[in-house]
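Asker: Predicted model and sequence follow; I will ask about them next.
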Amino acid sequence: MDYTSYHRRNVLKFEPWQIKRVEKGMILDAWYTNDDGQTNRHYILVLNPRYRYPGEKEWKLHAIKLNKFPLKALNLLAETYGITWTRNIQRYRKVDTTKLIQEISSQRFYRQEVKFTMKKFPSYRTYKLDNFTKVFVCDYKFPDAIEKRYLGNLSTVEPTTEKRHNLND
């Protein structure tokens, strides 16, 4: 089943983005050209934005392809690991995978944390960075309970300031 339309409904806004500036946890609407020259649109959750195996020349991006990943599964990930604001554009939400991915590899994370739970939705994907033709970063709307739990009452303009100065104390 293709879950693209379900995810597309949760994208509040998006803007063009450079693949080199992508962060872990971002949700992207990306156009990707495969090795056969066919270009397709992919909604992806970035696990590792830039990786190259030893001895390889091409940089790769590890992600969960949301086209094949149900909304319920993404919300479960967001509820389990949290959501936060992106660094470069703080008004965009992302899944908080930063601590998690530093401790284990993206593929191992997928196999242990995601695939184990969602066996019937094979959606882990490795992309060649040079094959992306268009990339848009998405501000993804998660359920209100998840947003309130992890983002609280923070406005989209000042999450860094509030955390840095402990204004809630």
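Answerer: That came through, no problem.
Asker: which secondary element of this protein has the worst mean pLDDT?
Answerer: When the helices and strands of the chain are compared on mean pLDDT, DSSP states H and E, helix 159-165 comes out lowest with a mean of 42.
Asker: list the buried ones in stretch 16-32?
Answerer: By 16 or more other CB atoms under 10 Å, the buried positions in stretch 16-32 come out as Trp17, Ile19, Val22, Glu23, Lys24, Gly25, Met26, Ile27, Leu28, Asp29, Ala30, Tyr32. C-beta: built from backbone N, CA, C; applies to glycine.
Asker: Verify the contact between Thr33 and Thr39 for me.
Answerer: Yes: with contact defined as CB atoms under 8 Å, Thr33 reaches Thr39; the gap is 4.6 Å.
Asker: which residues do those two both contact?
Answerer: In terms of CB atoms under 8 Å, 6 or more residues apart in numbering, Thr33 and Thr39 are both contacted by the residues Thr133.
Asker: tally of neighbours for Phe90?
Answerer: Careful, residue 90 is Gln and not Phe. Burial of Gln90 is recorded as 17 neighbouring residues (other CB atoms under 10 Å).
Asker: Secondary structure element for it, which one?
Answerer: In this assignment (DSSP states H and E), Gln90 forms part of neither any helix nor any strand.
Asker: quick one, phi psi at it?
Answerer: Torsion angles at Gln90 (phi, psi; degrees, to the nearest 10) stand at phi -70, psi -10.
Asker: how much space between it and Leu151?
Answerer: Going from Gln90 to Leu151 by CB to CB, to the nearest Å gives 11 Å.
Asker: May I see the buried residues of stretch 61-72?
Answerer: Of the residues in stretch 61-72, those buried under the neighbour-count criterion (16+ other CB under 10 Å) are Leu61, His62, Ala63, Ile64, Lys65, Leu66, Asn67, Lys68, Phe69, Pro70.
Asker: All set, thanks.
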